[in-house]
Structures are given as C-alpha cells and as structure tokens.
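**Q** have a look at this fold, sequence not included:
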C-alpha cells in the first residue's frame with residue numbers, strides 16, 4: 001500500500017513539474033502586438049515549396065502534387081495553372097527560378113522544365129537515366145543557361161536551353177537534405193542524415209565536408225547577409241559561424257523557445273531582422289542579432305509547419321518581397 005501511495009505521489013509530482021515547466025517555456029517569449037505578415041488564401045492542400053518572379057508583379061509558386069500557381073499582383077492572389085504533364089505522373093515541383101522572361105522548374109522525380117516567355121509556355125526536358133539523385137535546386141544564369149544541383153550533390157550546367165548538361169562537380173556530396181547557393185555560385189549543404197555539412201566554393205570540383213557544431217543533427221544551414229553561415233540543429237538550436245571566416249568554429253547555441261518543435265528555416269528580412277520558422281506555426285523574430293526574440297502573432301495561429309522563408313535580397317523597404325511557405329497550402333506574404 002505504501003508503495004502504491006508513493007508511486008502516485010511521485011506521478012503527481014512529475015506531472016506538476018512538467019506542467020510548470022511547460023508554462024514557463026511557452027510563455028517566456030513576448031508576442032508582438034503587430035505582424036508584418038499577411039495570410040494568403042490558397043485553394044490547395046499541397047505544400048508550397050518555392051516561389052520566383054519574372055518581374056515586379058508576375059510570378060509562380062510551385063510545390064507538391066504538381067502544384068503550380070501564378071500571380072499577377074505581386075503575390076496577393078494566386079490562380080492555378082497547368083503544366084503539360086501526363087496525368088499519371090505526380091511530380092514534386094521543388095525549385096523555380098527566373099531572370100526576366102527566362103525561367104526553369106526542377107521537379108522530382110527527374111523533371112526539368114524551361115520557359116523563355118515568362119511562363120506562358122513551358123518545355124519539358126528529359127534527363128539522362130544515369131543522373132545521380134533527383135533535381136533539387138535550379139538557378140537561371142542567363143539566356144538558355146542554368147545550373148542544376150541534385151539530391152546527390154551533383155552539379156550540372158547547360159548553356160543550350162537544356163539540350164546538354166555538363167557536370168561541374170567530380171565528387172557528389174553523398175546525399176542532400178538541405179542546400180543553399182550564393183550569388184557567385186558557391187553552395188553549402190546538409191547531408192541526408194544531418195550528421196555533417198559540406199561546402200562547395202565557386203570553381204571547385206569537389207565538396208568539402210565539415211563537422212557539425214554539436215552532437216545534435218543538423219536540420220538546415222544557410223548564409224547570413226555578410227556571407228557567414230548559420231545552422232539550425234535538432235533541439236531548436238540556432239548557431240552562427242564565427243566572423244573570422246572559420247566555418248569550423250560556431251557560436252554557443254541560441255534556444256529562443258522550447259515548444260517541442262524544431263526550427264526549419266532562418267532568414268534576414270528588412271531592418272536586419274532575423275526570422276526563424278518551424279513546426280506548428282513557430283515564427284519568431286529578433287531585431288538585435290539574436291539576443292532577444294518575439295513570437296509573431298500571424299505565424300503563431302497557423303496550424304501548419306512553416307517550412308521556408310523567402311526574401312528578395314535585391315529589394316528593401318516598402319518594395320520588399322517576402323513569403324513564408326508552410327504545409328497544406330499555408331502561405332504568408334510580407335506587407336511590412
């Protein structure tokens with residue numbers, strides 16, 4: 001009887017402590033009184049994965065289940081479009097990019113599409129069966145020119161509208177779960193298991209592997225505005241590489257809030273504000289280089305995992321274009 005009483009007493013104590021800690025971690029960050037984000041209604045349950053614009057107002061959004069939407073008002077409204085693809089093929093359109101009228105779409109499995117008239121017409125290009133991995137990221141370089149990176153870390157370039165692709169990397173990185181590109185053609189990637197990251201400087205032919213910052217697996221990695229790196233790890237940890245250019249040395253982990261969800265993306269917005277997005281509507285902002293954080297109220301009410309934050313680096317102030325992409329048709333648009 002004493003053992004039973006002791007068991008229930010301990011159980012009640014554990015529950016009380018858990019509830020107390022839960023209250024602390026979920027309320028320790030203030031909620032901002034206003035938000036620069038606006039919810040955009042999309043008539044889809046697919047997951048948006050990427051957005052690109054051919055000019056100030058005209059652009060496309062792509063995603064899972066062959067999703068492609070078009071906007072002519074800067075992203076305020078979106079209309080469903082159709083690609084000339086077989087109904088039996090269910091593609092994941094993962095990457096889209098434009099330079100003026102020249103645009104490319106990369107999809108999985110093994111899909112590349114090209115347009116020269118701002119998306120009025122798309123041409124499907126057939127890749128060779130020996131391509132290592134699936135298309136992951138495509139970048140428009142100029143007229144009939146693009147660079148493609150696969151999930152195996154292979155890098156290819158075309159200068160003839162996709163008729164031929166030249167391999168630029170001799171040794172693939174062994175699998176990619178996240179990948180970012182610099183304007184000058186460098187890359188940083190996270191391995192498929194999250195146990196290391198790799199860099200590829202412009203002009204290099206082999207990926208350079210690097211140890212992760214801690215024992216926790218890497219979720220995502222990318223570039224700060226000054227060219228240094230940031231890293232998101234399991235356990236909702238944010239780290240920044242040291243400013244001396246040594247990417248093997250990282251800051252102590254920043255953990256703004258523990259709510260049981262990992263951060264999935266990080267981005268710098270207007271005013272050098274840092275935005276962090278993650279599971280179950282987690283959207284945080286820091287306006288003092290990560291020292292303090294606020295919960296964004298619009299993001300907080302999204303019943304969705306927020307996957308990606310996109311800002312146009314060439315736009316600033318009132319003309320800034322920004323979007324947050326989430327699961328099940330979730331889209332937030334920057335309104336400042």
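**A** Cool, got the structure. It should be emphasised that the depicted structure is a prediction, and the values quoted were computed from it without experimental measurement.
**Q** from what I can see residue 72 touches residue 58, true?
**A** Yes - with contact defined as Cβ atoms under 8 Å, residue 72 reaches residue 58; the gap is 5.4 Å. Glycine gets a C-beta too; all of them are placed from N, C-alpha and C.
**Q** hey, where'd the helices end up in the stretch 201-336 of the chain?
**A** 297-300 (DSSP state H, counting those that start in this stretch).
**Q** which pLDDT value belongs to residue 168?
**A** For residue 168, the pLDDT comes out at 91.
**Q** for residue 317, give me the pLDDT.
**A** If you check residue 317, the pLDDT there is 54.
**Q** excluding residues flanking it in the chain, which one is nearest residue 187?
**A** residue 200 (4.3 Å; Cβ to Cβ, 6 or more residues apart in numbering).
**Q** wait, residue 297 sits on residue 32?
**A** Yes - using Cβ under 8 Å, residue 297 is in contact with residue 32, at 6.0 Å.
**Q** and the closest residue to residue 290 other than its chain neighbours, how many residues sit next to it?
**A** Nearest residue to residue 290, sequence neighbours excluded (Cβ to Cβ, 6+ apart): residue 254, at 5.2 Å. Per other Cβ atoms under 10 Å, the neighbour tally for residue 254 reads 17.
**Q** now do the contacts for the residue nearest to residue 187.
**A** Each residue near residue 200 by Cβ atoms under 8 Å, 6 or more residues apart in numbering is listed here: 155, 169, 173, 186-189, 206-208.
**Q** test my guess that residue 257 contacts residue 28.
**A** Yes - shown here, residue 257 and residue 28 form a contact pair, counting by Cβ under 8 Å, at 6.8 Å.
**Q** distance of residue 189 from residue 28?
**A** Per Cβ to Cβ, to the nearest Å, residue 189 is found 34 Å from residue 28.
**Q** please read the previous query as pertaining to residue 166.
**A** Counting by Cβ to Cβ, the gap from residue 166 to residue 28 is 53 Å.
**Q** same question, residue 324
**A** 23 Å.
**Q** higher neighbour count, these two?
**A** The residue with more neighbours, out of residue 324 and residue 28, is residue 324; 28 against 11, by other Cβ under 10 Å.
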